[in-house]
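Student: what shape does this take:
(3 chains)
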Amino acid sequence: MSAPFFFKRGAGLSLSEIAALVGGEPRAGADLDRRISAIAPLDRAGPSDLAFLDSPKYAQQAAVTVAGACLTTPRFTDALPGRVSVLKVREPYRAFVEVTRTLFPDALRPSSLFDAGGGATGAQVHPSARLENGVTVDPAAVIGAGAEIGSGTVIGAGAVIGQHVRIGRDCAIGARASIMHALIGDRVIIHPGCAIGQDGFGFVRGPRGAHKVPQIGRVIIQDDVEIGANSTIDRGAIRDTVIGEGTKIDNLVQIAHNVSIGRHCLLAAQVGISGSSTVEDGVIMGGQAGIADHLTIGAGAMLGAKAGVMHNVPPGARWGGYPARPGKQWLREVATLERLARQSRGGVRDEESE
Amino acid sequence: MSAPFFFKRGAGLSLSEIAALVGGEPRAGADLDRRISAIAPLDRAGPSDLAFLDSPKYAQQAAVTVAGACLTTPRFTDALPGRVSVLKVREPYRAFVEVTRTLFPDALRPSSLFDAGGGATGAQVHPSARLENGVTVDPAAVIGAGAEIGSGTVIGAGAVIGQHVRIGRDCAIGARASIMHALIGDRVIIHPGCAIGQDGFGFVRGPRGAHKVPQIGRVIIQDDVEIGANSTIDRGAIRDTVIGEGTKIDNLVQIAHNVSIGRHCLLAAQVGISGSSTVEDGVIMGGQAGIADHLTIGAGAMLGAKAGVMHNVPPGARWGGYPARPGKQWLREVATLERLARQSRGGVRDEESE
Amino acid sequence: MSAPFFFKRGAGLSLSEIAALVGGEPRAGADLDRRISAIAPLDRAGPSDLAFLDSPKYAQQAAVTVAGACLTTPRFTDALPGRVSVLKVREPYRAFVEVTRTLFPDALRPSSLFDAGGGATGAQVHPSARLENGVTVDPAAVIGAGAEIGSGTVIGAGAVIGQHVRIGRDCAIGARASIMHALIGDRVIIHPGCAIGQDGFGFVRGPRGAHKVPQIGRVIIQDDVEIGANSTIDRGAIRDTVIGEGTKIDNLVQIAHNVSIGRHCLLAAQVGISGSSTVEDGVIMGGQAGIADHLTIGAGAMLGAKAGVMHNVPPGARWGGYPARPGKQWLREVATLERLARQSRGGVRDEESE
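Tutor: Alright, predicted model coming up:
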């Protein structure tokens, strides 16, 4: 197989344009007219690629790189050979991202997979749905009665938009996502396979098993939210489930009914948040972390990967472990147990041999 | 955006009808002719809404609520202002759910998202599939050869029903679910994105890597089961994978091949059950809990959230932790370690500073 | 309901053919002309079924089985009644799988669910896509511009193949899978609902929240890989995300951007691998295990179920626990804590009663 490049490369940028964009200072001898058309890591970059260097860990790669240009700090400048045009910046990775965003504007938001060239082919749009001009509907998508979709939004192939759902402008709804009972803001990105707005998990015990509690709330997703592939967000039972502005959610995350998530949170993959819990603004959760029901995670808190949260977490705290506790306490406990087990090794060995 | 209400409100109920329905005793001054058309939490409820109060935690909300009516216990009756028509009941939440079920019968089961008004539009039904009268097939659904579907069942948009699959009556199959090699009972609810009946994860090691073990069993889902969005249930390798009557499964749950789950179990989100394990009747599992392969979880056992079960669990036991152990023992161990780490803090600090 | 059998039974095999296939030695009295048409566990097998016995755990079932034939070791031969035709082999399960593969060749790879009999019905294939002869496209599948698909491959119902994606020969792409920005080898099996090639989870913090880092890498899936239902594999940010030859991945697994997985690995369900980590050849991961970002798991390492890996793991090591550590150390620590908590029970009880 040859290797297709999935994003269009434009005319690129000259090194002087890049220097202006990121406020970089060229190293002596840098070729300011050099054209950069793509980005790459140091070990893969070629003469028309921009790389970055911000850690001594990559000194060896830096020494032999044939990258056309490289962003780095004054400290690492000498690690790069003379053939590389170097731009000195304070935060190389941040500058690198800035250039990448400029070089690949198409990659800032998922686009139509089908390029139908106007007009939905093989999609089913209910006659009572209202689509503004400039909505793209990919094949096999289904849009229900009374749904409203704003201009610039792309509805991916096979996506299902339920009755009366409202989706704002410049959104990207991934292939095979399903969205029901939901109001969605502008510039929201929902990745493939997401399930949004289905019934929450609510039952009361009766004489003959569990009885379903009707779930009559909604899902509210504010502007600039991004939600990863195959994640699930249930609608509220009695309140709404809310995802605050600018919050980014990774793949396979579960958000239960009545959960309220604040603004500008980051939730890594496979996180689970149980019913009626509140996550305040700016919270960061590591992968596979879980929060029990009816808890509050204070603003700016950080929960480590796999943390199992069974109590409220104060604002700004860093917690980890299972059950989750303050991170320093957790690590101290881990170290204590390791030491105790080493000390008592003889005794334990006896137990094991029984 | 204005706020659409996704469920139809009917004529509602008078307070006297509600009192009769739940066996409630009106507080003096309650307006028995008041019409209630919806439900809401105390802090959101308006004059035509019913709320409930069953905990001192919500006393402040109760004091200022403008709910038209409220269900509560004799103990909390005085916490509600005179303007609220109060019905006294023994179990306010249970009564509240009962009223909700009566007010919103449409919310007891997911319905068609498309309202096609008879006849499948843009769905692909194999000519040899047999659908009873009164089956609804939403757009872009695909039904394979020889499949059989009972009356009253809704097949959601984009759902895929494999060859010879049988689905009973009054089921709701969610958008984009896929169901293969499966027999499904009556009144089963399967939420969007579920994957049911694909190959289990079975391999034997050979000289050139892993060889696939053919998976020739089925998935049997009994009556009144509910399965959450994007959950996965593999078919059996040699036996069937079975989900017992009335069992409710949340989102993103994994059920491996040959697993047998009993009746009336509750499995919270992101639970995983490994191959050939047996979960007996009435077991409750918290979110993100996992069970290793070839184990038995006894009837009525409760496994805490994130429990990592590596041994058989006796009937009625409550286990938690990782590895999972009896819950009281686990909590005692957590407390012991916390105390030991606090005591030895000086020594550990030395280690940390190395 | 009667019970349909989802896989075609062929003419079956005679016992002498089975003996030749697996190198089995018939017990005295075995009926070498007996025809075997299917397989079953001892407790379910009938006269035309083959079973196997490789553990004393099933001695009771063996004593009363009416299986037509059974594979077992010389050690267990006498546990089987005279009516069963017994073949003695060294590894009964391995031999049983070998026979199963021969009896059910259709089960080695998922096939079309629709049996359209040639020609895609209701699928949307972009005119510029190139499909070799012998590609099957099930209904409601969508294939984007410039995609290339090799002969013998089945594209499942509702699957979405993005622009310029390349899929090799004899692959099975499950119903409702979505594949974008990816190159896929030969004989790859992707189960229903997989999401492959969407944006990785990459952001930089800016003054007004998180800014998206464009993800311009790809997903490379080598030959003979299998990926479970509803799993998610993000494309690389700057490198490619790579899944090595022969690796098998279970359901609901998350593979983040830039991850590199070696050859012949086995990843159980709900595993999560964070960004830029490397998993070398032959690694085995238990269910719900997680790996933090930028780590290396050495070749042949085994990570226990639910392990939370926060450090590099040496080749061949067996780790478990959270945070993950060498498995023996972990179990010793678990035993030590159990003992200490038992010893100090009085003191802890005092604390609990406070």
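Student: tell me which residues of the longest helix seen in chain A come out buried.
Tutor: Longest helix in chain A, counting residues (DSSP state H): helix A:327-343. By neighbour count with 16 or more other C-beta atoms under 10 Å in any protein chain shown, helix A:327-343 contains the buried residues A:327, A:329-341. C-beta coordinates here come from the backbone N, C-alpha and C atoms, glycine included.
Student: could you list the low-confidence segments of the stretch 201-350 of chain A?
Tutor: Applying pLDDT under 70 to the stretch 201-350 of chain A flags residues A:346-350.
Student: who in it is up against chain C?
Tutor: A:224, A:226, A:228-230, A:245-246, A:248, A:250-252, A:263-264, A:266, A:268-270, A:286-288, A:305-306, A:321-322, A:334, A:337-338, A:340-341, A:344-345, A:347-348 (C-beta under 8 Å from any C-beta of the partner chain).
Student: hmm, try it at 6 Å
Tutor: A:229-230, A:246, A:248, A:250-252, A:264, A:269-270, A:287-288, A:305-306, A:337, A:340-341, A:344, A:348 (C-beta under 6 Å from any C-beta of the partner chain).
Student: A:G272 touches B:A268, doesn't it?
Tutor: No: the pair A:G272 and B:A268 does not pass the contact test of C-beta atoms under 6 Å, sitting 8.4 Å apart.
Student: need the residues touching each of those two.
Tutor: Shared contacts of A:G272 and B:A268 (C-beta atoms under 6 Å, 6 or more residues apart in numbering or on different chains): B:G287.
Student: share the number of residues neighbouring the closest residue to A:A62 other than its chain neighbours, please.
Tutor: Nearest non-adjacent residue to A:A62, counting by C-beta to C-beta, 6 or more residues apart in numbering or on different chains: A:A79, 4.4 Å away. For A:A79, the neighbour count with other C-beta atoms under 10 Å in any protein chain shown is 20.
Student: say whether chain B is contacted by stretch A:209-219.
Tutor: Yes: Stretch A:209-219 reaches chain B (C-beta under 6 Å from any C-beta) through A:G209, A:A210, A:K212, A:V213, A:P214, A:I216.
Student: output those as JSON lines; include the columns secondary structure.
Tutor: Formatted as JSON lines, these follow (DSSP: H, G, I helix; E, B strand; the rest coil):
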{"residue": "A:G209", "secondary structure": "strand"}
{"residue": "A:A210", "secondary structure": "strand"}
{"residue": "A:K212", "secondary structure": "strand"}
{"residue": "A:V213", "secondary structure": "coil"}
{"residue": "A:P214", "secondary structure": "coil"}
{"residue": "A:I216", "secondary structure": "coil"}
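Student: regarding A:L252, what is its secondary structure?
Tutor: Strictly by three-state DSSP, A:L252 counts as coil.
Student: tell me who's in contact with it.
Tutor: A:N230, A:A269, A:Q270, C:T232, C:Q254.
Student: let's go with 10 Å and repeat that
Tutor: By C-beta atoms under 10 Å, 6 or more residues apart in numbering or on different chains, A:L252 lies in contact with A:193, A:228-232, A:269-272, A:287-288, B:230, B:251-252, B:270, C:195, C:230-232, C:252-254, C:270, C:272.
Student: can you give me the helices for the stretch 201-350 of chain A?
Tutor: A:327-343, A:345-353 (DSSP state H, counting those that start in this stretch).
Student: nearest residue to A:G162 other than its sequence neighbours?
Tutor: A:G162 sits nearest to A:M180 (C-beta to C-beta, 6+ apart), 3.4 Å away.
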